[in-house]
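[1] Let's see this in three dimensions:
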Amino acid sequence: MSRFTTVLKVSIVLIISFLLFGVFFTEQLESGITVTQSFLFNHFGWYFQILVTALLIFAVYLGFSKYGKIRLGKPDEKPEFSRLTWFTMLFSAGIGIGLLFYGVSEPISHFASPPIGDGGEASDAVTGVSSTWLHWGLHAWAIYALVALALALQQFRYEAPGLMSTTLRPVLGKHAYGPAATIVDIIAVFATLFGVAASLGLGSQQINSGLQAVFGVPYNLGVQFIIMAIITVIFVTSASTGIHRGIKYLSNINLSITGLFLLFMFIAGPTLFLLNMFASGLSDYMQNFIGWGLRMSPVDAQEADWTQAWTVFYWAWWISWTPFVGMFVARISRGRTIREFIAGVLLLPSIVSFFWFSTLGGSAIFMELYDGRDVSSQSLEGALFYVIEAYPMSGLISVLAIFVITIFFVTTADSATFVLGMQTTGGSLNPPTSIKIMWGVFFVTVTAVLLVVGGLNAFQTSIVVSALPLSIIIILMCIGIMKTLISEHKQN
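    Numbering: from 1, shown residues only. Below is the predicted model:
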């Protein structure tokens with residue numbers, strides 16, 4: 001199959017057009033982004049809330065259903081990777097830089113500015129953590145799990161190309177080929193590009209903030225562009241080595257160092273307070289996560305604004321990441337049963353995320369309540385380093401945090417270039433290095449343009465815009481999963 005597929009050609013033309021428009025019509029793009037973001041958040045929040053809750057319920061059903069024994073591959077096929085390696089790879093791809101960027105800043109933000117009330121009181125502490133868990137827990141991983149499951153079923157059980165469009169064959173039949181398939185795959189390319197670009201933008205900002213805190217490096221766009229350029233060289237080099245070397249080794253190293261960082265923050269921090277926070281947060285989350293996942297607040301402006309800015313944005317972000325994370329998780333999950341797959345993808349990353357946010361966020365809340373440190377007034381990218389300053393060996397730990405963010409940056413971009421290579425070369429399991437390098441350059445260039453025209457708001461809007469059409473595709477994929485599994489069960 002030719003490397004230069006229709007999906008690749010059309011995607012390149014559209015991306016270059018976007019970049020040129022961003023460079024020459026920066027103000028117009030920034031204005032359009034602001035208007036679009038407001039419209040989408042106001043008019044489609046209810047849709048994202050209902051959809052993501054329904055996806056979580058469907059994923060849990062599949063895990064417990066009679067279809068759970070079906071294997072993602074041939075009936076006697078064994079998993080390609082060990083459970084530990086499998087988990088580290090899916091976690092690194094699915095969470096990415098956001099774990100560090102929001103680890104302190106989101107819980108402390110929900111503590112200081114909760115959906116209801118004035119905030120900043122002891123009674124808001126648990127809500128600060130459990131509200132964060134809503135956005136990083138079961139809902140998010142259910143979205144990833146279902147897209148990855150649809151891809152893995154078609155790819156490894158029926159030997160279809162690893163493309164988003166092939167998952168629609170059970171629903172659309174012959175119409176899942178030709179122009180329809182091209183449109184679906186192009187939507188997936190753009191969702192991946194903008195979703196991951198958001199993480200790369202956040203990562204460059206936080207690395208810059210860390211360098212400023214430790215070494216006094218100025219915080220500005222120029223420094224962030226230099227950071228992205230250096231890391232581009234690193235992840236393109238890693239991407240050229242393939243999934244069994246670069247991505248695998250970096251993921252294992254990444255999770256090991258991140259685990260040590262988390263353990264230090266837990267032991268050196270207010271340990272008993274953090275344990276109590278974890279238990280209380282878990283109770284609050286389990287009692288409320290379904291209701292919170294459907295909350296839109298039609299008569300409470302404060303709660304409605306909070307829900308749109310946080311929950312709806314996150315659901316759109318996770319949906320925009322599904323082609324990237326779904327394809328990657330499907331690629332590394334060959335040979336696992338549906339039950340093992342659903343349990344692993346839903347539960348393990350959620351539990352780790354819960355402990356992560358209760359430790360980092362709980363430490364920040366403790367400092368604000370009892371140590372007089374004004375964590376909530378810090379910038380999103382700078383809050384982590386402000387908290388680290390209060391710990392022993394703060395300089396060394398800050399350098400370690402910068403290193404962890406950098407490795408997350410590399411593994412996210414590395415995995416994303418691999419997936420975009422698959423999407424634009426007809427589903428190749430080992431896309432050409434030249435194609436991966438090209439996508440690496442596009443990633444960084446798009447990230448730079450979005451940083452210039454609007455920063456975080458630009459990322460949010462591009463994510464929601466790409467997630468809206470992609471969400472329709474995900475609904476069709478879920479229908480396709482059921483049709484495939486029902487047919488499979490009848491045959492057995």
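[2] Strands of the stretch 351-492 of the chain, residue ranges please.
    Shown for the stretch 351-492 of the chain, no strands are assigned by DSSP state E, counting those that start in this stretch.
[3] where along it do the helices fall?
    383-388, 394-423, 433-453, 455-491 (DSSP state H, counting those that start in this stretch).
[4] what's the single longest helix in this protein?
    helix 26-64 (DSSP state H).
[5] worst-scoring helix or strand of this structure, pLDDT-wise?
    Using mean pLDDT, DSSP states H and E, the weakest-scoring helix or strand in the chain turns out to be helix 83-95, at a mean of 76.
[6] Can you verify my assumption that M367 contacts Q378?
    No. If you go by C-beta atoms under 8 Å, M367 and Q378 don't touch, sitting 11.0 Å apart. C-beta: built from backbone N, CA, C; applies to glycine.
[7] Give the residues shared as contacts by these two.
    In terms of C-beta atoms under 8 Å, 6 or more residues apart in numbering, M367 and Q378 are not both contacted by any residue.
[8] need the contact list for the closest residue to A197 other than its chain neighbours.
    Nearest non-adjacent residue to A197, counting by C-beta to C-beta, 6 or more residues apart in numbering: T447, 4.4 Å away. For T447, the contact set (C-beta under 8 Å, 6+ apart) comprises 197, 200-201, 204, 228.
[9] try I95
    Contacts of I95 (C-beta under 8 Å, 6+ apart): 136, 349, 353, 408.
[10] could you dump those to a markdown table with distance to I257?
    As requested, these are exported to a markdown table (distance: C-beta to C-beta, whole Å):
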| residue | distance to I257 |
| --- | --- |
| W136 | 20 |
| P349 | 17 |
| S353 | 17 |
| F408 | 10 |
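[11] out of the residues you listed, who's nearest L172?
    Closest to L172 out of these is P349 (31.2 Å), distances taken as C-beta to C-beta.
[12] what helix or strand does the closest one sit in?
    helix 338-366 (DSSP states H and E).
[13] so where's the stretch 301-450 of the chain uncertain?
    Of all residues in the stretch 301-450 of the chain, none has pLDDT under 70.
[14] Which of the contacts of I95 sits closest to P270?
    For the contacts of I95, the minimum distance to P270 (C-beta to C-beta) is 20.2 Å, reached by S353.
[15] rewinding a little: of the helices of the stretch 351-492 of the chain, which approaches G372 most closely?
    helix 383-388 (13.0 Å).
[16] For the stretch 151-300 of the chain, give me the ranges with low pLDDT.
    Ranges of the stretch 151-300 of the chain meeting pLDDT under 70: 238-252.
[17] now the helices for it?
    Using DSSP H, counting those that start in this stretch, helices in the stretch 151-300 of the chain cover 169-172, 179-215, 221-239, 248-268, 271-292.
[18] among these, which is the most enclosed?
    helix 179-215 (a mean of 23; mean count of other C-beta atoms under 10 Å).
[19] Report the angle between that helix and helix 83-95.
    Angle, helix 179-215 to helix 83-95, by axes from the mean of the first three to the mean of the last three C-alpha atoms, to 10 degrees: 90 degrees.
[20] Next, the angle helix 221-239 makes with helix 179-215.
    Going by the same axes, to 10 degrees, helix 179-215 makes 120 degrees with helix 221-239.
[21] Quick one: list the elements packing against helix 179-215.
    In this structure, helix 179-215 packs against helix 6-24, helix 98-112, helix 221-239, helix 313-332, helix 383-388, helix 394-423, helix 433-453, helix 455-491, with contacts taken as 3 or more C-beta pairs under 8 Å, 6 or more residues apart in numbering; DSSP states H and E.
[22] Quick one: closest of these to H43.
    helix 455-491 (10.3 Å).
[23] quick one: buried residues of that closest one?
    By neighbour count on 16 or more other C-beta atoms under 10 Å, the buried set for helix 455-491 is 456, 458-468, 470-471, 473-474, 476-478, 480-482, 484-485.
[24] Not counting its neighbours along the chain, what's nearest V23?
    In space, V23 is closest to V449, 6.9 Å off (C-beta to C-beta, 6+ apart).
[25] Please tell me I have it right and that neighbour contacts L19.
    Yes. Counting by C-beta under 8 Å, V449 touches L19, with 5.8 Å between them.
[26] so when I look at G128, I'm seeing a helix, right?
    Yes. Counting by DSSP: H, G, I helix; E, B strand; the rest coil, G128 is located in a helix.
[27] Pull the number of nearby residues for it.
    G128: 29 surrounding residues under other C-beta atoms under 10 Å.
[28] residues touching it, list them.
    107-112, 114, 361, 365.
[29] could you dump these to JSON lines with distance to Y386 and neighbour count?
    Formatted as JSON lines, these follow (distance: C-beta to C-beta, whole Å; neighbours: other C-beta atoms under 10 Å):
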{"residue": "P107", "distance to Y386": "14", "neighbour count": "32"}
{"residue": "I108", "distance to Y386": "10", "neighbour count": "30"}
{"residue": "S109", "distance to Y386": "13", "neighbour count": "25"}
{"residue": "H110", "distance to Y386": "17", "neighbour count": "26"}
{"residue": "F111", "distance to Y386": "15", "neighbour count": "28"}
{"residue": "A112", "distance to Y386": "14", "neighbour count": "20"}
{"residue": "P114", "distance to Y386": "21", "neighbour count": "20"}
{"residue": "G361", "distance to Y386": "13", "neighbour count": "32"}
{"residue": "I365", "distance to Y386": "13", "neighbour count": "30"}
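[30] And for the residue nearest to V23, the neighbour number?
    Neighbours around V449, by other C-beta under 10 Å: 20.
[31] Please name the residues that touch it.
    Counted by C-beta under 8 Å, 6+ apart, V449 has contacts 18-19, 22-23.
[32] Figure out which of the helices of the stretch 351-492 of the chain is closest to F87.
    Of all the helices of the stretch 351-492 of the chain, helix 394-423 comes closest under C-beta to C-beta, at 13.8 Å.
[33] For the closest one, name the packing helices and strands.
    Using 3+ C-beta pairs under 8 Å, 6+ apart, helix 394-423 sits against helix 83-95, helix 98-112, helix 179-215, helix 221-239, helix 248-268, helix 313-332, helix 383-388, helix 433-453.
[34] Mind putting these into CSV with distance to D374?
    Listed next are those as CSV, based on distance: least, C-beta to C-beta, whole Å:
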stretch, distance to D374
helix 83-95, 28
helix 98-112, 10
helix 179-215, 15
helix 221-239, 25
helix 248-268, 19
helix 313-332, 25
helix 383-388, 9
helix 433-453, 27
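[35] Compare those and report which one is nearest to G291.
    helix 313-332 (15.2 Å).
[36] quick one: buried residues of the closest one?
    313-332.
[37] if we can go back for a sec, which among the helices and strands packed on helix 179-215 is found nearest to F64?
    Per C-beta to C-beta, nearest to F64 of the helices and strands packed on helix 179-215: helix 455-491, 13.3 Å.
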